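# Here is my input; please provide its structure:
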Amino acid sequence: MARPIARVEHEGEISLRLRTDRRLLTVLLLCLLVTSGCSELNRDADLAARITEAGYSDVRVVPSDPDLSSPLTIYASGGPEGDDGGDIARLVWDTYPGEVDRVVVELGRVHHSATAKELEERFGPREVEYDPNLVVKWVAGIGAFLLLVFGTVFALLISFVVVTIRRRRLALRATRR
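Presented below is the predicted three-dimensional model:
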């Protein structure tokens with residue numbers, strides 16, 4: 001009768017270790033997810049805050065894709081009377097640290113769009129420096145995320161196999177005695 005109790009306690013220890021490992025891996029994964037997207041979110045949130053400070057409301061910034069296949073889009077309402085989105089375009093051109101290939105500004109139901117060349121002609125050369133390696137960093141971040149996900153899955157699989165082997169050995173020992 002003493003054997004099964006010891007076996008249950010041992011399985012509980014294994015189970016506790018496995019739960020602790022899962023918790024640790026979950027915390028590490030969440031930390032990576034949070035830190036990998038923070039710079040992008042801060043950049044867009046800062047732009048939205050500057051546009052709000054300029055007198056616009058309901059501001060939403062939708063960043064362009066890393067390959068610049070879609071434009072940087074800003075949705076807003078309010079602002080100065082008769083504004084054609086030029087103030088927002090100027091804020092983007094002068095302060096946004098990302099690369100700007102094309103900007104789309106939607107003020108209420110009015111839609112305005114300008115390419116980088118048009119913005120340069122209207123406002124002059126950009127003074128803010130952008131990171132030309134943004135795409136490389138984005139791809140590296142995605143690669144690190146995928147590596148972490150696959151590493152986590154692999155670690156959980158190994159943990160499961162180890163626990164299964166230990167349980168079978170304990171069951172085999174219990175049946176031999």
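# quick one: buried residues of stretch 118-127?
Leu119, Phe123, Arg126 (16 or more other C-beta atoms under 10 Å). Every residue, glycine included, has its C-beta placed from N, CA and C.
# now swap in stretch 152-160 and tell me
Within stretch 152-160, the residues that qualify as buried are Thr152, Ser159, counting by 16+ other C-beta under 10 Å.
# Give me the three-state assignment for Ser113.
The three-state assignment at Ser113 reads strand, by DSSP: H, G, I helix; E, B strand; the rest coil.
# Also the one 4 residues further on?
The three-state assignment at Lys117 reads helix, by three-state DSSP.
# What of the one 10 residues further on?
Classification of Glu127 into helix, strand or coil gives coil, according to three-state DSSP.
# ok so, going back, how about the buried residues of stretch 118-127 in TSV, adding pLDDT and distance to Arg177?
Putting the buried residues of stretch 118-127 into TSV (pLDDT from 0 to 100; distance: C-beta to C-beta, whole Å) gives the following:
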residue	pLDDT	distance to Arg177
Leu119	89	81
Phe123	88	84
Arg126	84	78
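# per-residue pLDDT, Val92?
Per-residue confidence (pLDDT) for Val92: 86.
# Roughly how far does the residue lying closest to Leu91 once chain neighbours are set aside sit from Pro63?
Nearest residue to Leu91 in three dimensions, chain neighbours excluded: Arg50, at 5.5 Å (C-beta to C-beta, 6 or more residues apart in numbering). Between Arg50 and Pro63 the distance, using C-beta to C-beta, to the nearest Å, works out to 15 Å.
# any weak-confidence spans in this protein?
Low-confidence regions of the chain, defined by pLDDT under 70, span residues 1-25, 27-41, 65-70, 129-135, 138.
# Show me the strands in it, by range?
Shown for the chain, the strands assigned by DSSP state E span residues 56-62, 72-78, 102-107, 110-115.
# what's the last one packed up against?
Applying 3 or more C-beta pairs under 8 Å, 6 or more residues apart in numbering; DSSP states H and E, we find strand 110-115 packed against strand 102-107.
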